[in-house]
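J.: Predicted coordinates and the sequence they were generated for:
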Amino acid sequence: MPLDVPSYSFALPEGVEPPTLVSFLAERFDIVAEPGAPLTYAVVDTADRRLRAAGLDLALELGRNERTLVLRERGSAGPVSARAGRRKRWLVGDLPAGPMRDRLAPVVEMRALLPLAHVQVDVQSLAVRNADLKTVVRMRLATHAALDTGGSPVPLAPRLGVTGVLGYPKPLARVVAALSTEAGLVDAPAGPADEAIAASGGDPAGVRTKVQVELRPDQRTDKAAVAVLRDLAGMVEANLPGTLADLDTEFLHDLRVAVRRSRTVLRELAGAFPGEPLKQQRDTLKWVQAFTGPTRDLDVQLLEWDHLLSAVPAERHAALAPVRTLLERRRAGALRLLKAELRGPAYRQGWAAYRAFLDGDLGPARERPDAKRPLAEVAGRRIRKVYARMVEMGAAIDADSPADHLHELRKRGKELRYLLELFGGLWPSGVVKPMVRTLKGLQDVLGTHQDREVQSGHLRDLADELATQVGGPPALLVLGVLVDQLDAEQRTARDQFADRFADFAAPRQRKLVARTFVP
Amino acid sequence: MKVVATYNIKGGVGKTSAAVNLAALAARDGLRTLLWDLDPQGAASFLFRVRPKVRGGGRKLVRGRSDVADVLRGTDVEGLDLLPADFSYRHMDLVLDESGKPTRRLRKVLAPLGEHYDLAVLDCPPSISLVSESVFDAADALLVPLIPSTLTLRTFEQLADFVDAEVDRQPDIVAFFSMVDQRKRLHREVVETLPDGRDDIVATAIPAATEVELMGVERSPVVVHAPRSRAARAYADLWAELRARLDV
């Protein structure tokens, strides 16, 4: 049973000032206008704009004495508020328990909610009344200004929100017709949040994780590779401040993914680049990947902590508090080293050199055999080869194979996955999609296998230190259960490997790969 | 959706005032709120400037032959919608009597609204009849205004006994003192002594106040047109107590 009340959002065209619009409305309707209420608020979202994608608007309203988070859901009833406290960012656990946290938790997950732009707004409420002096249409006329990085206001287009009142559709239709036909107002494509973020120098789409470069099959490989690498370098840079400020775990994760994807491009399309400079850049990126690894490993372990606890009866959870404290302490130590590296001269110089490499002259094409070759030919050849190599490696894995063999296969799988993510669009999706799906299935079990290996190792490493802590001995007893759980999950992953690999290396898929990615 | 009904067998005890003010406060708190004006006199509808008319008539609505969504009206309080009164509600007893399972009819009318509202407030006519029995069946809580007097407790206990004996689905029965005149000794004494540790009479008492009487002139709840008045503050306290009991 629908009870939706239509609502509209109009942007005032240039030259139409709010007072003019109010006069226009007053000439045609019985209008009650309430005085404007100035308000300063911050647009709050995750760095990758998850709330925006979910149709949610979160604002941090800055009152004289209190700061309030106000959540509005497009197409839903009134806003939900919660006390914000004095924080620079909110993880889900920082929000007070209640409807706001319940609504946001599955959307935000492990990401931090951050103020992305500051806005000054003056909102005037207008009500259209009928002959009984009853409100039949509501309007909010908002004059916004975003604050730029220096704190100076940048005016945004004024907006008029028009909302009907349930059971009174005709007056709403008359108001909307007058506004759009007579006053020439146009639909406001998006909320003021996007405009405010853009005015503050940000990207309304948020920090991207997907490469946005238009590629053609016949494009020169070196040009295409450089374009992709520049986009990825931008992602590394975009995630650097959040990583250094440790706002949430995903800045580091996304930074590392961008680095790893870049390494894949440099490795798999190596023939498009000059030999010696290429080696230097690959070494730089490898080093970045290495020194950021320990923090990420511990992040994964802490993110999966609740899952891990599920293996232990609830009454024993408290005994594990020292384990978590130790993991957090180790993570803090790893992060300190990571920050020191990222802020140090080696990184600064290494990254500057990498950027110069991407922006500079790559040298004569004759010394780079794949430079001028069509992208589809070079990337296709690599996809085919990496796939074939994975099939070969996977076929050699049996019940007695060491864990390293699975890890090596997983690393190859990442190469293939990134190749497909970056260049798969050059081939029919009917071929690429099943390949990605079966690869993902395989990578999931290989990932679990490796993560459990690392996590189990971390926990075992804690034992000595734990024994000397207050509450350590009882924790050690329960720790054994956790390690057993991790080992069991690793065994399960290993048991699943054969089936997942069989899907990935199915004869039909092999034929399809051989036929599509022709050398 | 939780359902609260303001009910008393007697008229003029502050049922409608409580219903409109509590519904307005609930909406202000962000609850999606519905107020159903079941009284054929249509006082709540009048206060919200909504014509006391149900398209298709009350009979069709109660018998489930018209779409309840079509007769809802938004009020001047954002987040509060009204299911208006209709003069035909004066025959609602007869309509219910003609229906199968008459005491469950109102609950059935409300059922499809459950996904759209967090709270429904039913403003009931003063009587004890099939209508009130159907209200008792639909309600999670009966909110009973009591004017302090020597017979107050007796009337309230009669109601509680009736609900206990006759109603399958037992609502929480919550009473509050209404139209309390602090100048009257009897009012003061009853309000001070009667609750006496009982958990079915809440602490908040609504004063007899000019602002409440002015609702008919202002045509809005007192919590809207005189939000700082003593009566408005008392309704806010009553809402806080009720909200905690309802867990909404």
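T.: Yep, it's here. Quantities reported herein were computed from a predicted structural model and do not represent experimental measurements.
J.: Any residues of chain A in contact with chain B? List them.
T.: A:1-3, A:5, A:77-81, A:127, A:132-135, A:138, A:164-168 (Cβ under 8 Å from any Cβ of the partner chain). Heads up, the C-betas are built off the backbone N, CA and C, glycines and all.
J.: Buried residues in the top helix by length along chain A, which are they?
T.: Secondary structure of chain A per DSSP state H: the longest helix is helix A:429-467. For helix A:429-467, the neighbour count (16 or more other Cβ atoms under 10 Å in any protein chain shown) marks A:431-432, A:434-436, A:438-439, A:441-443, A:445-456, A:458-459, A:462, A:466 as buried.
J.: for it, the distance to its chain's centre please.
T.: Relative to the centre of its chain, helix A:429-467 is centred 20 Å away, using Cα atoms, centre = their mean, to the nearest Å.
J.: So which elements touch the next helix or strand after it?
T.: Per DSSP states H and E, the first helix or strand lying C-terminal to helix A:429-467 is helix A:472-504. Secondary-structure packing of helix A:472-504 (3 or more Cβ pairs under 8 Å, 6 or more residues apart in numbering or on different chains; DSSP states H and E): helix A:305-309, helix A:321-343, helix A:375-395, helix A:429-467.
J.: CSV for those helices, including mean pLDDT?
T.: As requested, the helices and strands packed on helix A:472-504 are exported to CSV (pLDDT from 0 to 100):
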stretch, mean pLDDT
helix A:305-309, 86
helix A:321-343, 94
helix A:375-395, 96
helix A:429-467, 90
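J.: okay, those in CSV with distance to residue B:146 next?
T.: Output for the helices and strands packed on helix A:472-504, formatted as CSV (distance: least, Cβ to Cβ, whole Å):
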stretch, distance to residue B:146
helix A:305-309, 50
helix A:321-343, 53
helix A:375-395, 79
helix A:429-467, 64
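J.: Look up how far residue A:482 lies from the closest residue to chain B within the stretch 301-450 of chain A.
T.: At 24.7 Å from chain B, residue A:314 is the closest residue in the stretch 301-450 of chain A, using Cβ to the nearest Cβ. Separation of residue A:314 from residue A:482 (Cβ to Cβ, to the nearest Å): 14 Å.
J.: Which one's more surrounded, the two?
T.: residue A:482 (20 against 8; other Cβ atoms under 10 Å in any protein chain shown).
J.: Surely the more buried one is in contact with residue A:311?
T.: Yes: with contact defined as Cβ atoms under 8 Å, residue A:482 reaches residue A:311; the gap is 6.4 Å.
J.: in the stretch 51-200 of chain A, which spans are helices?
T.: Taking DSSP state H, counting those that start in this stretch as the test, the helices found in the stretch 51-200 of chain A are A:99-108, A:169-177, A:192-199.
J.: Just name the most buried of those.
T.: Mean neighbour count (mean count of other Cβ atoms under 10 Å in any protein chain shown) peaks for helix A:192-199 among those, with a mean of 22.
J.: who touches the strand ranked longest in chain B?
T.: What stands out as the longest strand in chain B, according to DSSP state E, is strand B:172-180. In this structure, residues lying in contact with strand B:172-180 by Cβ atoms under 8 Å, 6 or more residues apart in numbering or on different chains are B:13-14, B:17-18, B:140-148, B:156, B:159-160, B:163, B:187, B:190-191, B:200-202, B:204-208, B:238, B:242, B:245.
J.: Please check those residues and keep the buried ones.
T.: By 16+ other Cβ under 10 Å, the contacts of strand B:172-180 give B:13-14, B:17-18, B:140-148, B:156, B:159, B:163, B:187, B:190-191, B:201-202, B:204-208, B:238, B:242, B:245 as buried.
J.: which ones among the contacts of strand B:172-180 come in contact with chain A?
T.: Among the contacts of strand B:172-180, chain A is touched by none when using Cβ under 8 Å from any Cβ.
J.: now for the helix or strand hosting residue B:92, which elements pack on it?
T.: Applying DSSP H and E as the criterion places residue B:92 in helix B:92-98. When contacts are defined as 3+ Cβ pairs under 8 Å, 6+ apart, helix B:92-98 sits against helix B:57-62, helix B:130-138.
J.: How about the first one and chain A, any contact?
T.: No: residues of helix B:57-62 contacting chain A under Cβ under 8 Å from any Cβ: none, with a closest distance of 13.7 Å.
J.: got a list of what the nearest residue to residue B:127 once chain neighbours are set aside touches?
T.: Distances taken as Cβ to Cβ, 6 or more residues apart in numbering or on different chains place residue B:9 nearest to residue B:127, at 6.8 Å, with adjacent residues excluded. Residue B:9 sits next to B:126-128, B:132, B:155, B:159 when contact means Cβ under 8 Å, 6+ apart.
J.: Got the confidence number for residue B:9?
T.: Note on residue B:9: pLDDT of 86.
J.: Three-state assignment for it, please.
T.: coil (DSSP: H, G, I helix; E, B strand; the rest coil).
J.: swap in the one 4 residues further on?
T.: Judged by three-state DSSP, the three-state class of residue B:13 is coil.
J.: residues contacting it?
T.: B:126, B:145-147, B:178-179.
J.: Now the longest strand belonging to chain A - C-alpha only, PDB.
T.: Counting by DSSP E, the longest strand found in chain A is strand A:114-129. Extracted as PDB, the C-alpha positions of strand A:114-129 are listed here (Å, rounded to 0.1, in the frame of the first residue of the first chain):
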ATOM      1  CA  LEU A 114      34.100  12.000   7.800                       C
ATOM      2  CA  PRO A 115      33.100  15.700   7.400                       C
ATOM      3  CA  LEU A 116      33.700  16.200   3.600                       C
ATOM      4  CA  ALA A 117      32.600  19.800   3.200                       C
ATOM      5  CA  HIS A 118      31.200  22.600   5.400                       C
ATOM      6  CA  VAL A 119      28.100  24.500   4.400                       C
ATOM      7  CA  GLN A 120      26.300  27.600   5.700                       C
ATOM      8  CA  VAL A 121      22.600  27.500   4.900                       C
ATOM      9  CA  ASP A 122      19.700  29.700   5.600                       C
ATOM     10  CA  VAL A 123      16.400  27.800   5.300                       C
ATOM     11  CA  GLN A 124      13.100  29.600   5.100                       C
ATOM     12  CA  SER A 125      10.000  27.400   5.500                       C
ATOM     13  CA  LEU A 126       7.000  28.200   3.400                       C
ATOM     14  CA  ALA A 127       3.600  26.700   3.700                       C
ATOM     15  CA  VAL A 128       0.800  26.900   1.100                       C
ATOM     16  CA  ARG A 129      -2.600  26.900   2.800                       C
END
